[in-house]
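**Student:** Please work out how this folds:
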Amino acid sequence: MYRLFFKRLIDILLGLVALPFVIIVIILFAPIIYFTDKGPIFYNARRAGKDYKPFKMFKLRSMYVNSPDLKNADGSTFNSDNDSRVTPVGRIIRKMSLDEFPQFLNILLGDMSFVGPRPKLYIEGRLDQDVSEDFRKSFTVKPGVTGYAQAYYRNSITQDEKIHWDAYYADNLSFWMDVKIIWQTVFSVLARKNINTVESQKK
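**Tutor:** Alright, predicted model coming up:
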């Protein structure tokens, strides 16, 4: 019942509660983001949603316009305190995770949930390829603003490990698991734990 009904109801309520704060963050940072390099306010990424359906994910832009897309060896996103692609205001909103706030709009639109696997890059025909069972399983639920791997590990584990924990979440989704993930996310953000990509480590 939680998976089929109450999770969506909670998402809508949280989205409505967060909406005024999202608007305030956008109003405060939009002019700074724009005048840094006269570029767009939002970074609208094409991501894969539930059942691998594509959607446009909203984020506040934290990098300079036309920055190269750097990846780690395992295909995960490169992160570093010394990343020259990130604007001065981008460093601030990243540290406070404010760049993720516009994703509450995706929650209200029904593309995302508050808790779920972090949205992955959409690649046409990807599921038709030889992908792992964990990869397929991770798309049986909506992606989230935060998730199990994001809350407990952030960028300290490899892409394959993240997919493993995404599948674990999909298999064990429950109200109490979502509560634990939200609590751990708050702790990780405040403690600024595992923000940047480092060698994979076990907890």
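
**Student:** Now do the strands in this protein.
**Tutor:** 42-48, 54-60, 113-115, 120-121, 144-146 (DSSP state E).

**Student:** Now tabulate those strands in JSON lines and tack on mean pLDDT and mean neighbour count.
**Tutor:** Quick note: C-beta positions are derived from backbone N, CA and C, even for glycine. Below are the strands of the chain laid out as JSON lines (pLDDT from 0 to 100; neighbours: other Cβ atoms under 10 Å):
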{"stretch": "strand 42-48", "mean pLDDT": "92", "mean neighbour count": "16"}
{"stretch": "strand 54-60", "mean pLDDT": "96", "mean neighbour count": "19"}
{"stretch": "strand 113-115", "mean pLDDT": "97", "mean neighbour count": "26"}
{"stretch": "strand 120-121", "mean pLDDT": "92", "mean neighbour count": "16"}
{"stretch": "strand 144-146", "mean pLDDT": "95", "mean neighbour count": "26"}
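
**Student:** do you know which of these lies nearest E161?
**Tutor:** strand 120-121 (13.9 Å; Cβ to Cβ).

**Student:** Touching the closest one from outside, list them.
**Tutor:** Here strand 120-121 makes contact (Cβ atoms under 8 Å, 6 or more residues apart in numbering) with 45-48, 138, 143.

**Student:** 7 Å instead?
**Tutor:** 47-48 (Cβ atoms under 7 Å, 6 or more residues apart in numbering).

**Student:** Please shift the residue numbers so they start at 13 in all later answers.
**Tutor:** All set: I'll call the first residue 13, so the last point we hit is now strand 132-133.

**Student:** elements contacting the longest helix along the chain?
**Tutor:** As assigned by DSSP state H, the longest helix anywhere in the chain is helix 19-49. Packed against helix 19-49 by the contact rule (3 or more Cβ pairs under 7 Å, 6 or more residues apart in numbering; DSSP states H and E) you find helix 100-107, helix 115-121, strand 125-127.

**Student:** Endpoints of stretch 141-150, how far apart?
**Tutor:** End-to-end distance of stretch 141-150: 15 Å, with Cα to Cα, to the nearest Å as the criterion.

**Student:** which parts of it are buried?
**Tutor:** 146-147, 149-150 (16 or more other Cβ atoms under 10 Å).
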